[in-house]
Every structure is written in C-alpha cells, then in structure tokens.
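In: Build me a structure from this.
(2 chains)
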Amino acid sequence: MRARRLLALVAKESVQVVRDPSAILIAFVLPTILLFLFAYAVSLDIRNVRLGVVLENDGPAARDLAADFAATRYFEVLPVRHRREVGDMVVSGLLRGVVVIPQDFDRRLATGSRPAIQILTDGSQPNTASFVSGYAEGVVASWLDRRSGLAGTGAASGPAVVLEPRFWFNPEVESRRFLVPGSIAIIMTTIGTLLTALVVSREWERGTMEALFSTPAGIVEILLGKLLPYFALGLLATLGCGLLATTVFDVPLRGSWGALLALSASFLIPALGQGLLISALARNQFVAAQVAVFSGFLPAFLLSGFLFEIDSMPPVIRAVTYVIPARYFVTGLQTVFAAGDVWSLLVPSMLAMLAIGSVFFAITARKTRKSLDR
Amino acid sequence: MAATVEIRGLAKRFGEHPALHPFDATIEAGRLTGLVGPDGAGKTTLLRILAALMAPSAGSVRVLGHDVVEEADSIHSEVGYMPQRFGLYEDLSVMENLRLYSRLRGLRGKDLDETFERLLAFTRLAPFTGRLAGRLSGGMKQKLGLACALMAHPKLLLLDEPSVGVDPVSRQELWRMVEELTDDGMAVVWSTAYLDEAERCETVILLNEGRIEHDGPPEALTSRLAGRSFRLVRPDDDRRTLLTKALDLDGVRDGVIQGHGVRLVLADNERRAAVDELARGAGAAVEAVPPRFEDAFIDRLGGGPGGRSAIAERMEPVEPDALNGDVAVEARQLTKRFGQFTAAERVDFEVRRGEVFGLLGPNGAGKSTTFKMLCGLLEPTSGEARVAGLDLRHASSAAKRRLGYMAQKFSLYGLLSVRQNLEFYSGVYGLTGGRRRRRIEEMIETFGLERYLRDSPDSLPLGFKQRLALACSLMHRPPVLFLDEPTSGVDPITRREFWVHINGLVRKGVTVLVTTHFMEEAEYCDRVALMNRARVIDLDSPDALKARAATPDRPDPTMEETFIALIEAGERGAEADPAGRAA
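Out: Here you go, the predicted structure:
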C-alpha cells in the first residue's frame, strides 16, 4: 500500500463529494429535515386528544365530572347532549373517544350505588385508544377521590396510597428527547450504508472501476480511498446533528461531545462495511440502493429500538436485533444524550458495533478481488 | 525479441457460455493491432484478459513477459488501458482526472511535469484543463482517456472501442496519434466494431462469436478477393430492384447499394458472365473495384443473404392517399434545448414519399433528438414537426397511427414471450379482434418466428430479435417507418438481412427514416442529412455529397472521408474551439 496513491484517491473522492449534490443532500439536508420531522411533526406524546363528553344528566355531580375532563390538558373536550351527535364524529376520526355520563348518574351517586360511566374509544388506533381509556379512568378516579375527600368526615375515606411518579432522564416525558438522538442513527445509516453502496456501484456502472483496476492501485487502497472521505463526512454530519439537536431542538446533551463522536465513529465502521459489502455484490446503483434500504435503513428504523421498544418485541425478533448495529448505536446515543458518559454502557455497545463491522469487512475482503471476474 | 503479448490456448467461459474459444496469437511491439468484430464477439473480454482484469478459463497469456494471472500487478504497472467510455470521472476536471491517474501511476517530480507537458501537447487539451470531463465533446473525452492511459509510459496500450461516440474528425486525429505512438515502438491494440477501421491497422485479429476468423495483415484477407469485387454503376433500373436481382444470382456472395449503383462480391472470378448479363439488362456499366475488409469478412462467413424479403412480398402496397400528399415527414426549424445544452438546432428538411432518408452523424450529433421530435416522443422547444401533413403537436395520435417506430436496441420486453410481445404491440397500435389475430399470425409466418414463440426475445439470435422488432413496428401497416440506429452493434450479415427487408418495404411504397453512425450505411439512403453538433451541415444524395468532397488526389472518397471534408469545410473560418458540447 502506498500512502501517495491512497491520498490521491481520498482527494479525488473528497472533490467528488463536494461536487455531488446528492452527497450533500444526504449528509446535511436530509438530516435537517429528519430532525425537524422527528422533533415537531412526529411526536409519540399524546396531548389535546379530541374527546366527546356526552352529558345525558344535568345534575351538579355530572357537570362537575365533565368539567374535570375539560380541565385536563390531555383532552380537548367537545360537550354534547346526545350520543347520536358524536357517533359519526368517531367514525370520521374527528373524535378519538367518547365518555358517556348517563341519565341516572346523579341519582345513583346519591343513593350510594356505583354509577356507570361508558368510555368509547377508536380501536383503529390502539395506542391512542388505550391512552384515552386509561386516562379517562384516571380522571374519573381522581374525581371520585376528590369527591369523597370533600364529603369525607373521617380519615378513612382518603386514598390509602399516594403515587408520585417521576421520570428519570426525561422528566417531562417528551418523545423528542429520545427521537432526536435516535434519528442521528438513521442518518448515519443513510450516509454509511446507502451513500457508500451508491458511490461504489456508481464506479462500476460508469466503468471507472475498471480504469482504476488497470492501474497499480491496490484493492485496499481503492476501498480505503472510498471509506475515509465518507467516514469523515459521517462524523461531520454527527456534529451537525448534535449541534442542531442541542441548540434548535433544546435536547440536552448530558454526556460529552467526545463520547458522542466516539460512538458515531464506532457505528460508522459496520455501516460503511455493510455499504461496501452491498456494492461488492450488486454492481449497479439501483440494486445497491434497494438492498441498502432493506438491509440497512429499515432495520435501523424498526429494529433498533428507535421507534419501537426492543423489550416489547417477540423473542425471535428481539434476538434478531442483536446483529443490527443500529441497536447499539441508538442505545448509546440515548445514553449519551439523556444520562451522560456512562462508559460502562457505552463501551460494550461500541465493542459490539466494532465486532459486527469487522464481520462485514471480513466478508467484503473475501468477496472483493481486483478483478472483473465475478 | 519476444512478442509483447503471447497467447497460448486461451479460452474464456462465463458460466456455461463460451466467450472465447481456444486460440493462439501474438501481438508485436511497434505495431497497431486491430481487434475487430461485431458486438458480443469477445473483443472486450480479450482486452480485459490482456489488461489482467480477468483470468483466462484455460491457456496462458504472457504480457510483456508477465503471466496475466500470477503477475497481474506488474501488468497493471506497465500496460495502459482505456476502457469503453474512456474510464473518466465526469464530475472531475480534465486536470483532476490527469492528476489522479498520474498519482496512481506513481509519477512525481520532474517526470510528472514532463509527462503532463508532453501529454497536454500531444492531445492538445492544454486550453481545457479546467473544464469538467463530463462537459467535453466525445472526441475530447477520448483524448483525455488516452492521456490517462498513457500516463503509465506503457509499452502496451489497449484501447477498447475508442472510436465509438466520436465524430469522424476526432477519430481521424486519434488515428494520427496512435500511429505516432507505434512509430515510437509501442504496441497498440485498437478494438472496433467498424470493419472499415480494420483496413487501417497493420495487423488484425478478427473475432466473430468468440472465434478467431483471421489473424494477420488485413490485406492477407482481402487479397483473396482480388478480382471478385465489382460495381454496377449508373443503372437505368431502380438500384434496389437491381440489388434484389443480383443477390438472387447464383455465385453472388454479397451485395450492397453504393451510391447510385450496386456493389457485388462474387464467389469466384468465373461468375463474371452472369453479372455482365445482369448489367446489360439494367443498362449499367460494370467496374472492377478493390475489395474491402468487410467484403472479406462476409465471404469468410459464407456470404450474405439472398435478395428476397418475405415480409415485403406479403405486405400490400401502401395506398397513395395514406400520406395526404407527397411529403411524408417534415421538419421545420426544429430546435430542442435541454437547459443550457442545445441538442438540435433549426433542423430543416422534407422526406418525400417512398424515400429512404438517412440522418447520419456521430453519437451526440442530435440524430436521436431530431428523430424523437419527428415521431412525437419529444416536444420541440421551437419549430414544427409533421408526419403525413399532420402536426405532431396538435394531431399527435392521428400522426402516430401513420408511423412505425423501431427504437435503438429494439425495445422488446424480455419478460414476455415472443408471442406476447407481438400481442402487446398489436394492442398498443389499436388492433382488435379478428384483425389482430390475423395480423399476428401473418407476422409469425412471414418472419419465420414460429419456433421461437414461447421464448423470451432476449434468448433469440440477433437476426431474429431484429425481425421481431421490425414485425412489432409494422403491425399496423404504417406508411412511414422510423428506424433509430437499427443495425448498431449488429454483425454485417444480420445488417444486410435487415436492409433486404427495408429495401423490399420501400419498393412497396413505405417511406423510411433511419439514423445511423455507420457511415457506409448511408449508401442505402436516397438522401442523407449529415448532422454534427446539433446542426444539419449538409443534405443531398450520397453520390452528390461524395462529389462535393472529391479532390483530384481523392476522386472517389468514402462516406467517412466525405463527412470529414464537409465538416471541415463548414468549420473553416469558424471558431477554433471544437468543444462545449457533451457527447
């Protein structure tokens, strides 16, 4: 291997990256759009859910309960008198649920028998539905507590236990705080796997790989000449994303920038390795892009714990996540952003990524020869 | 002294498919060796083996004394290789491309400066060092590719189809450069699908379907045809009819239209009498002409096809009123711009009914763009295109019903069977019910497609693929036929077969518009528009064009020489910068 030749290849690739609008698009514009999307548009938090409250009873207790529903910031309440007024609105999706306070509510309450309250939810969106029913139950329960406290003459009527929940690492339980770090993993996968697979297969398609092969440049030089610029580009994009996250999106970075970059660097090894392997097998850009999306982007999206919690996946799929490098990266990123430099967690993640990366490189090295024979 | 390349029993297979059958050959220093053959003959495979980019399946190859398998690294250091499409980075400038290859070749210091200076002077690229390679014309790309390949100070230079996509003037220049290199003792291998280029090489390896048909000086092959090539000039008869009659004569190996006459190759000298008789009947004079390499190739492969076209014979003549007049196709100031780039500029011509009209020019000259505007596939930026008097902008579907279009590379569906392709195209052209069934059966019968009906077009022999494509475009009996590079990459025999069909169709009154970058193919046309850099530079019959380019020391120029002379005449006095247009 000659340093001069490698340098020439790195220089050539860097010039191409700078000139290629698609590289800049993927490395800087796409991350910005993704971060904005995950920070603002896609939110897993549920707030201001539109809920219909059917007040069939006009008694003071029923109205008091309805007022409690209206008071919470989680619901946006549409008060009505009859069920039939809201049925269509649930069907059309205008309302996510309906609470019915029935005719005999006040009467049953007064006579001491337990009044029934009906909660209807839109089961086509299970997450929201369970949230609506859970929270509505909570509203009713706290209303009952308050009522019995007011009416209570003795100490026994108050609740026996008071729960005071506190969320660590993300006290306001804002999804943005884990979505934004997670999307950095998606972006790195895109740069590392998709972009690399594309640029190598492009050399095949345009016949320049053939020209390179006919020179004394070795295969290691040719591949390193590809990897180094994209490695640098990946780290630059990490820095960019980190800055955007901390300044524009107010996501606190509790750990250090050094740890963030070290983590990204370790993730880029398997990501680039996968990209190289894909381009070694598929020598045209279209196939390379397809394979990169299916084997890199989608798993990073679905199986990394970025959107769906790994612990709630079926065991078989959970087992699959162990070979997906993005899984370790997402965990690591969330640690660095939300908890800090917890090296006892970060180091094993980094080692796992490096191990997966070395497997990719080993296969690529076996598959790639300086030859046009397949 | 040992030969530069020694090939012993070399064979190459891709899976089951043999790409090169076993052969021996040598390539000598200081010589230009032509590697000649149609597409798929095995030229690129052989070059890649010589460049140590592929390993032979059997046999041994030594290049400059190194084994191509064991000592690939030495070969990569000592051999210059220019792949097809020149191996350039289009998003890098001329200088950046040169710099990259010089560094990969380990040039430095004084050597580097001298090499750059020498190559820039040699290729005359010095004024364009800052331009992106993608913005160069085909000819300049080719020169840059050559400069990059010469960076190695190679003793062997391998050029894979260097003349494809390059205008004739630049091609001429490349020949000159390569001759200079061989004079300095370099061995140069030049691969090409143009058979006329073989005649310019000192020695030729002729490949066909992976087999060596000839290895030696081109004259050794053509001399066997001495006294067997003739030209029938100035016939009273229609030259297409004359050709058909001639091809059906016993003892005529091959025949093509050339200018206003017909060129024939006989099986042996004794058959001359029959030709004389034919010529007398047609009122033509018989001239002996020197044999061409292409004649020899056809002769080597057992001769060209007969003169009859089953398709044309079955087709009913085009009705005289199908075209609403005498002008079949009309281009009026047709201009197409893609952003900054002008692909066709004020193209103006008329194609008369029953004419074979050719658009001739190198890749990127604007032929296909003009063509696509004329058959309604591309909207002109300005100007007007008419087919059968109908404006394609306003009456596009009425106009399209009157034209058949055969696209480059045939545009057949590989995932459909031959029958399904026929069914699809008949449906596209609006045929239904019994008419559709009858037309399909008729096409199958006339084109002899019966035994391939269930096969994929991809698996068909090239000649049949071409027939199928032609059948698909003739399904609706169009009075006007558009053929876009119909014979590019096709071997000469298949090409002749194709023209037999076209000639037959023309005799039935079909008007044909054809694009080609095979200069010699222009001979089949009644009139030719020469295109270069988006403009029509001249328009006339092939003979008239040739007469314009004739000089006292070159009384009978080839079509290529004619083209070069006419381009140069057009550019004389114009700006010296030949670039600025991508190929």
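In: which one is the residue of chain B found nearest chain A nearest to, not counting chain neighbours?
Out: Nearest residue of chain B to chain A (C-beta to the nearest C-beta) works out as B:Gly87 at 2.7 Å. Placement of C-beta: from N, CA and C, glycine included. With sequence-adjacent residues excluded and distances taken as C-beta to C-beta, 6 or more residues apart in numbering or on different chains, B:Gly87 is closest to A:Ala211, at 2.7 Å.
In: Please apply the same query to A:Ala70.
Out: Per C-beta to C-beta, 6+ apart, closest to A:Ala70 is A:Val77, 4.4 Å.
In: what sits against that neighbour?
Out: A:51-53, A:66, A:69-70 (C-beta atoms under 8 Å, 6 or more residues apart in numbering or on different chains).
In: Could you give the bridge partners of it?
Out: Assessed by DSSP bridges, A:Val77 has beta-bridge partners A:Leu51.
In: what's the distance between it and B:Glu442?
Out: Distance, A:Val77 to B:Glu442, by C-beta to C-beta, to the nearest Å: 76 Å.
In: And for B:Gly109?
Out: B:Gly109 is 73 Å from B:Glu442, by C-beta to C-beta.
In: Comparing these two, which residue is more hemmed in?
Out: B:Glu442 (15 against 7; other C-beta atoms under 10 Å in any protein chain shown).
In: That one contacts B:Arg314, doesn't it?
Out: Yes. B:Glu442 is within contact range of B:Arg314, at 6.8 Å (criterion: C-beta atoms under 8 Å).
In: Got the phi and psi for the residue of chain B closest to chain A?
Out: phi 60, psi 40 (degrees, to the nearest 10).
In: hang on, it packs against A:Thr215?
Out: No. The pair B:Gly87 / A:Thr215 is not scored as a contact, 9.8 Å apart, by C-beta under 8 Å.
In: who's B:Asp484 bridged to?
Out: Residues in beta-bridge contact with B:Asp484 (DSSP bridges): B:Thr515.
In: Please read the previous query as pertaining to B:Arg211.
Out: Beta-bridge pairing of B:Arg211 under DSSP bridges involves B:Asn208.
In: Show me what whatever helix or strand B:Ile311 lives in is in contact with.
Out: Using DSSP states H and E, the element containing B:Ile311 is helix B:310-314. The contact list for helix B:310-314 (C-beta under 8 Å, 6+ apart) reads B:442, B:446-448, B:467, B:470-471, B:474, B:501, B:503-505, B:507-508.
In: Which ones among those lie within helices?
Out: With DSSP state H as the criterion, helices contain B:442, B:446-447, B:467, B:470-471, B:474, B:501, B:503-505, B:507 from among the contacts of helix B:310-314.
In: Separate out the buried members of those residues.
Out: B:446-447, B:467, B:470-471, B:474, B:501, B:503-505, B:507 (16 or more other C-beta atoms under 10 Å in any protein chain shown).
In: got the residues of the stretch 101-250 of chain A near chain B?
Out: Taking C-beta under 8 Å from any C-beta of the partner chain as the contact definition, the stretch 101-250 of chain A meets chain B at A:206-208, A:210-217.
In: Domain parsing of chain B, as residue ranges.
Out: B:5-216, B:226-307, B:407-477 (automatic domain parsing).
In: Dump these into JSON lines; add distance to A:Arg114 and mean pLDDT as well.
Out: As requested, the domains of chain B are exported to JSON lines (distance: least, C-beta to C-beta, whole Å; pLDDT from 0 to 100):
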{"stretch": "domain B:5-216", "distance to A:Arg114": "76", "mean pLDDT": "90"}
{"stretch": "domain B:226-307", "distance to A:Arg114": "99", "mean pLDDT": "84"}
{"stretch": "domain B:407-477", "distance to A:Arg114": "68", "mean pLDDT": "86"}
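In: for B:Pro478, helix, strand, or coil?
Out: Secondary structure assignment for B:Pro478 (DSSP: H, G, I helix; E, B strand; the rest coil): coil.
In: That one contacts B:Leu403, doesn't it?
Out: Yes. Counting by C-beta under 8 Å, B:Pro478 touches B:Leu403, with 5.1 Å between them.
In: What is the neighbour count of B:Gly434?
Out: 8.
In: roughly how far apart are it and B:Ile440?
Out: 11 Å.
In: likewise B:Val178?
Out: B:Val178 is 51 Å from B:Ile440, by C-beta to C-beta.
In: Leaving out the residues flanking it, which one is nearest to B:Gln142?
Out: B:Val166 (5.1 Å).
In: Serialize the domains of chain B to TSV and add fields for distance to A:Ala265.
Out: Converted to TSV, the domains of chain B look like this (distance: least, C-beta to C-beta, whole Å):
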stretch	distance to A:Ala265
domain B:5-216	27
domain B:226-307	60
domain B:407-477	45
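In: among those domains, which is nearest B:Asp348?
Out: domain B:5-216 (21.1 Å; C-beta to C-beta).
In: gap between the closest one and the chain center?
Out: With C-alpha atoms, centre = their mean, to the nearest Å as the basis, domain B:5-216 stands 20 Å off its chain's centre.
In: same thing with stretch A:316-334?
Out: Distance, centroid of stretch A:316-334 to centroid of chain: 12 Å (C-alpha atoms, centre = their mean).
In: What's the end-to-end length of stretch A:37-55?
Out: 38 Å (C-alpha to C-alpha, to the nearest Å).
In: quick one: average confidence on it?
Out: Taken as a whole, stretch A:37-55 has a mean pLDDT of 74.
In: again with stretch A:300-314
Out: 83.
In: could you redo the buried ones among the ones in helices among the contacts of helix B:310-314 as JSON lines and give each row distance to chain A?
Out: As requested, these are arranged in JSON lines below (distance: C-beta to the nearest C-beta, whole Å):
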{"residue": "B:Thr446", "distance to chain A": "38"}
{"residue": "B:Phe447", "distance to chain A": "33"}
{"residue": "B:Arg467", "distance to chain A": "30"}
{"residue": "B:Leu470", "distance to chain A": "30"}
{"residue": "B:Ala471", "distance to chain A": "31"}
{"residue": "B:Leu474", "distance to chain A": "33"}
{"residue": "B:His501", "distance to chain A": "34"}
{"residue": "B:Asn503", "distance to chain A": "38"}
{"residue": "B:Gly504", "distance to chain A": "40"}
{"residue": "B:Leu505", "distance to chain A": "38"}
{"residue": "B:Arg507", "distance to chain A": "43"}
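In: What is the nearest of these to A:Val17?
Out: Looking across those and measuring by C-beta to C-beta, the closest to A:Val17 is B:Leu470, at 47.0 Å.
In: so what's whichever residue of the stretch 1-150 of chain A sits closest to chain B closest to, chain neighbours aside?
Out: Residue nearest to chain B within the stretch 1-150 of chain A: A:Ala8 (3.3 Å; C-beta to the nearest C-beta). Spatially, and ignoring its direct neighbours in sequence, A:Ala8 is nearest to B:Arg103 (3.3 Å; C-beta to C-beta, 6+ apart).
In: Let me see the domain layout of chain A.
Out: Taken from automatic domain parsing, chain A resolves into A:3-42+A:174-367, A:49-157.
In: Find the one among those domains with the highest mean neighbour count.
Out: domain A:3-42+A:174-367 (a mean of 20; mean count of other C-beta atoms under 10 Å in any protein chain shown).
In: what about that domain, start to end distance?
Out: 24 Å.
In: and stretch A:281-293, how far from the chain's centre?
Out: Centre to centre, stretch against its chain (C-alpha atoms, centre = their mean), the figure for stretch A:281-293 is 25 Å.
In: Determine whether any part of it lies close to chain B.
Out: No. Figure legend: stretch A:281-293 not in contact with chain B (C-beta under 8 Å from any C-beta); closest approach 13.8 Å.
In: ok, and what's touching the helix or strand where A:Ala62 lies?
Out: Using DSSP H and E, A:Ala62 sits within helix A:60-71. Helix A:60-71 is contacted from outside by A:51, A:53, A:55, A:75, A:77, A:79, A:99, A:101, A:105-106, A:109, A:117, A:136, A:139-140, A:142-143, A:147, using C-beta under 8 Å, 6+ apart.
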